[in-house]
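Novice: Sequence first, predicted model second:
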Amino acid sequence: MSQPAKSARASRGAATTESGRAEGPKAPNAPKGAGPESAGSRRAAAQRLTMRRKLAAAAMELFATKGYEATTVDEIAAAAGVARRTFFRHFRSKEEAIFPDHDDTLVRAAGVLDAAPPHENPLDTVCRGIKEVMRMYAASPAVSVERYRLTREVPALREREIASVARYERLFTRYLLGHFDESAHHVGDDDPLLAEVAASAVVTAHNHVLRRWLRSGGEGDVETQLDHAFAIVRETFGAGIGSGRPGAEEAQPASARTEGEVLVAVARTDAPLDEVMRVIEKALKKK
């Protein structure tokens with residue numbers, strides 16, 4: 001099996017956005033008021049997102065009342081009470097305007113990957129990362145349902161949605177590949193293949209649950225449904241990724257086995273509770 005890649009490489013892969021801009025790991029002990037996490041930059045990011053959402057709300061209302069084709073950028077800007085140039089500071093086109101949160105969500109998902117504990121299975125990390133996407137939709141169910149209706153009716157919006165999904169998939173594929181040496185395509189090394197297939201499976205599972213939730217009008221516990229879908233993905237791909245790496249067994253946060261009528265579970269003190277429960281449940285099913 002391929003050797004694990006250096007952790008710095010994985011961090012770089014996780015923190016690179018689709019625009020090619022490297023977010024990069026945060027510098028330790030940065031001076032107060034400096035760096036990407038300063039109070040000023042957080043305020044600016046919040047103001048930017050607020051304006052993007054305001055423009056998106058105006059665009060969606062006009063699309064619903066006038067129709068997508070009949071709505072102009074000038075009308076969207078006027079409805080939001082801003083100038084045309086303000087619109088183009090936030091969006092490149094009117095179809096982009098109904099997806100105001102994807103850029104910020106992509107950064108948050110990358111942050112989850114970048115901050116993952118070293119012992120966590122990379123597939124579990126990816127599942128946690130994509131939950132940021134689901135939470136974005138679940139935060140405003142009515143808006144998400146209406147946006148889903150629009151994307152079904154307008155091909156240009158559907159294409160924009162597909163492009164957004166592809167960004168997440170590339171992010172997660174890079175992260176999984178970052179744990180292996182993808183250049184070592186020797187006989188018997190299936191890690192690069194598993195990484196790409198698993199990343200696609202996570203995104204597909206997420207999208208399946210999301211579409212079902214949107215079609216139901218945004219009703220139901222979508223996170224529980226997502227956890228169930230991820231359990232299926234983990235069962236299918238999780239054991240294979242990185243199983244042959246040196247030290248992989250020791251790095252597992254939890255393990256369980258049955259001895260007669262007794263179940264023996266061993267877990268690190270910092271192991272995530274959901275991971276421990278998943279391992280126990282799996283061992284009980286095998287008995």
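Specialist: Now that the structure is in, tell me what you want to look at.

Novice: CA atoms for contacts and neighbours, from now on please.
Specialist: OK.

Novice: Which residue is the nearest non-sequential neighbour of residue 154?
Specialist: Leaving out its chain neighbours, the residue that sits closest to residue 154 by CA to CA, 6 or more residues apart in numbering is residue 68, at 7.4 Å.

Novice: shaky segments in the stretch 51-200 of the chain?
Specialist: Counting by pLDDT under 70, the stretch 51-200 of the chain has low-confidence residues at 180-189, 191.

Novice: Break down it into its helices, ranges please.
Specialist: Ranges of helices in the stretch 51-200 of the chain, per DSSP state H, counting those that start in this stretch, are 73-80, 84-90, 102-114, 122-138, 141-153, 155-177, 191-215.

Novice: Throw those into a markdown table and include distance to residue 225, thanks.
Specialist: Compiled in a markdown table, the helices of the stretch 51-200 of the chain are given as follows (distance: least, CA to CA, whole Å):
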| stretch | distance to residue 225 |
| --- | --- |
| helix 73-80 | 36 |
| helix 84-90 | 34 |
| helix 102-114 | 19 |
| helix 122-138 | 11 |
| helix 141-153 | 16 |
| helix 155-177 | 19 |
| helix 191-215 | 7 |
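
Novice: Mind putting these into JSON lines with distance to residue 229 and mean neighbour count?
Specialist: Listed next are the helices of the stretch 51-200 of the chain as JSON lines, based on distance: least, CA to CA, whole Å; neighbours: other CA atoms under 10 Å:
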{"stretch": "helix 73-80", "distance to residue 229": "38", "mean neighbour count": "18"}
{"stretch": "helix 84-90", "distance to residue 229": "35", "mean neighbour count": "15"}
{"stretch": "helix 102-114", "distance to residue 229": "19", "mean neighbour count": "20"}
{"stretch": "helix 122-138", "distance to residue 229": "10", "mean neighbour count": "20"}
{"stretch": "helix 141-153", "distance to residue 229": "20", "mean neighbour count": "16"}
{"stretch": "helix 155-177", "distance to residue 229": "17", "mean neighbour count": "19"}
{"stretch": "helix 191-215", "distance to residue 229": "6", "mean neighbour count": "19"}
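
Novice: pretty sure residue 144 contacts residue 216?
Specialist: No: assessed by CA atoms under 8 Å, residue 144 is found out of contact with residue 216, at 11.6 Å.

Novice: can you list the domain ranges for this protein.
Specialist: Residue ranges for the domains of the chain, per automatic domain parsing: 7-18+100-244, 253-286.

Novice: Can you give the contact residues for stretch 213-231?
Specialist: With contact meaning CA atoms under 8 Å, 6 or more residues apart in numbering, stretch 213-231 is reached by 127, 134, 138, 141-142, 144-145, 148, 202, 205-206, 209-210.

Novice: quick one, what contacts the residue nearest to residue 54 when sequence neighbours are not counted?
Specialist: Here the nearest residue to residue 54 in space, its sequence neighbours aside, is residue 80; by CA to CA, 6+ apart that works out to 6.3 Å. Counting by CA under 8 Å, 6+ apart, residue 80 makes contact with 54-55, 58.

Novice: Then residue 200?
Specialist: By CA under 8 Å, 6+ apart, the contact list for residue 200 reads 169, 173.

Novice: Look up how far residue 143 lies from it.
Specialist: To residue 143, residue 200 is 26 Å away according to CA to CA, to the nearest Å.

Novice: Same check on residue 104?
Specialist: From residue 104 across to residue 143, the span is 17 Å (CA to CA).

Novice: what does residue 127 give?
Specialist: Distance of residue 127 to residue 143, given as CA to CA: 24 Å.

Novice: Pull out the C-alpha coordinates of stretch 173-180 and format them as PDB.
Specialist: Below are the C-alpha coordinates for stretch 173-180, written out as PDB (Å, rounded to 0.1, in the frame of the first residue of the first chain):
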ATOM      1  CA  THR A 173     -11.300  14.000  -3.300                       C
ATOM      2  CA  ARG A 174      -8.200  16.100  -2.800                       C
ATOM      3  CA  TYR A 175      -8.400  15.600   0.900                       C
ATOM      4  CA  LEU A 176      -8.700  11.800   0.600                       C
ATOM      5  CA  LEU A 177      -5.900  11.600  -1.900                       C
ATOM      6  CA  GLY A 178      -3.800  13.800   0.400                       C
ATOM      7  CA  HIS A 179      -3.600  10.900   2.800                       C
ATOM      8  CA  PHE A 180      -1.900   8.700   0.300                       C
END
